[in-house]
Structures are given as C-alpha cells and as structure tokens.
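>>> coords please:
(one chain, ligands or ions: 1)
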Amino acid sequence: MAFELPALHYATDALEPHIDKTTMEIHHDKHHQAYVTNLNKALEGKAEASSSIDEIIKNISKFPAAVRNNGGGHYNHSLFWNILGPNKGGEPTGALAEAINSTFGSFADLKTKMQEAGATRFGSGWAWLSVSADGKLQVSSTPNQDNPLMDIAEVKGSPILGIDVWEHAYYLKYQNKRPDYLAAIWNVVNWDAVAELYKKAL
Ligand code: MN
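Take a look at the predicted model:
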C-alpha cells in the first residue's frame, strides 16, 4: 500500500498570524506531498513498501538516499502537523512539564535550547525534543530530513517535538529572520499532542 499525505486537522489559516496560510498551503500540499510521492517512487516494487514509516525510519541505514530524504520528509512533516494547532501555545503540564523542569531547569530553558538548536543548524534541517532509550529528554538538531529515530542519528531517540527550520517553513513571512520564526512557533505548539507522544515514548 502506498504512503499517503495525511490531512491537516485544522485549516491552513488556523495558525495565523504565527504561521501564515500561504506557507501552510505550500508546505503541506506541495512539499509534504512531494516527499510522499517520491517516497512511493523510491520504494516501488520493493518489499519494504508495505512497512510502516516508523520501521523504515528506524532502519534507514539499509535504504538509499531517496528513501532517507523522502521517508524522513514524510515522517517529520506528519509529526510536525500533529504537534501544532490553533489556539494552542501556553506551557506543557503534568509529567512532561516535570521532566522538562528536571532536565532543563524550566520551560523557558527548554525553549532557549530548542531555539539555539534550530538557529545554529546550518542550511536546512530540524530542531528536536526527543526521548532517549532510557527515558531521558534531549534536545538536538539534524540536517536535511533526518531525525532522531533514524539509526544513523548522532542523538537517537523517539521524537516528541520537531521544529522545521527549512526556509520553506518560514521564508514567506519571516524571510531571513529564522530566530523570529523560532520564537513565534511556541504560540501554536499543541502540548497535549506532545504529551501524548511523550507517554508513548516512555
Ligand atoms: Mn518542511
């Protein structure tokens, strides 16, 4: 069965003014669709075409670059749409908030670390909050469409929050001001979704 573009569970203008409608339309309908289309092409006729995207990502070293780039793109964007939402923002609560405080000091410290990870990623990539195999929260960044779930990642873990720092994610509204985008995105993070992924990762 071929991979499919997941529908957004909110309108393309729902994240305004922090993420604009046109960026959302192009990002979801064109960029993410292209990753899905090219992933399906790269896996055409192969047994792995019927694997889950998680299984492919976890074993990415066994696949060619086209699967790494486009499979990563599909996995990363599916997670990204899921951890954003309208009328969100605020702060994490419960077990996730406690883990953030004990690991990073405070929620503000986590934001600073994530923003640094995103701002200092040269070229295209992602900033991540992930959960290590022994259940620890960790901040990292990856190039291109790599992610911490990949067996080739420097910092391995289960991603629970990913911030896309490709220019296509912010350039129409923020132009060269990537740090402004990284500061604004906290207004639309769906912490319930992040907490759900945290629970699953443990
Ligand atoms: Mn993107």
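
>>> Please count neighbours and contacts with C-alpha atoms only from this point.
OK.

>>> Pick out the residue nearest the middle of this protein.
In the chain, the C-alpha nearest the mean C-alpha coordinate belongs to residue 162, at 3.0 Å (C-alpha atoms, centre = their mean).

>>> quick one: pLDDT of it?
Confidence at residue 162, expressed as pLDDT, is 98.

>>> How is it assigned, secondary-structure-wise?
Secondary structure, DSSP: H, G, I helix; E, B strand; the rest coil: residue 162 is strand.

>>> What helix or strand is residue 5 located in?
Of the helices and strands defined by DSSP states H and E, none includes residue 5.

>>> residues in contact with it?
32, 33, 36 (C-alpha atoms under 8 Å, 6 or more residues apart in numbering).

>>> now residue 145
For residue 145, the contact set (C-alpha under 8 Å, 6+ apart) comprises 68, 69, 70, 72, 73, 76, 125, 126.

>>> between those residues, which is closest to residue 167?
residue 125 (9.3 Å; C-alpha to C-alpha).

>>> which ones are touching the closest one?
Counting by C-alpha under 8 Å, 6+ apart, residue 125 has contacts 118, 141, 142, 143, 144, 145, 146, 164, 165, 166.

>>> Give me the buried positions along stretch 174-192.
Burial within stretch 174-192, assessed by neighbour count using 16 or more other C-alpha atoms under 10 Å, is assigned to 174, 178, 180-182, 185-192.

>>> Look at the residue located most distally from the centre of the chain and report its pLDDT.
Largest separation from the mean C-alpha position in the chain: residue 45, at 28.3 Å (C-alpha atoms, centre = their mean). Looking at residue 45, its pLDDT reads 93.

>>> did I read that right, it in a helix?
No. Counting by three-state DSSP, residue 45 is not part of a helix but coil.

>>> so where do the strands sit in the protein?
125-131, 137-143, 158-164 (DSSP state E).

>>> one step back: which member of the contacts of residue 5 is positioned nearest residue 108?
Closest to residue 108, out of all of the contacts of residue 5 and judged by C-alpha to C-alpha, is residue 32, at 30.5 Å.

>>> pretty sure that closest one is touching residue 74, no?
Yes. Counting by C-alpha atoms under 8 Å, residue 32 does reach residue 74; the two are 6.4 Å apart.

>>> Pick out whichever of those two has more residues nearby.
Using other C-alpha atoms under 10 Å, the more surrounded residue of residue 32 and residue 74 is residue 74, with 28 against 22.

>>> So the more buried one sits against residue 36, correct?
Yes. With contact defined as C-alpha under 8 Å, residue 74 reaches residue 36; the gap is 5.9 Å.

>>> hmm, back to that, let's have the contacts of residue 125 in a markdown table, adding distance to residue 50.
As requested, these are exported to a markdown table (distance: C-alpha to C-alpha, whole Å):
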| residue | distance to residue 50 |
| --- | --- |
| 118 | 33 |
| 141 | 29 |
| 142 | 26 |
| 143 | 27 |
| 144 | 24 |
| 145 | 21 |
| 146 | 21 |
| 164 | 27 |
| 165 | 30 |
| 166 | 29 |
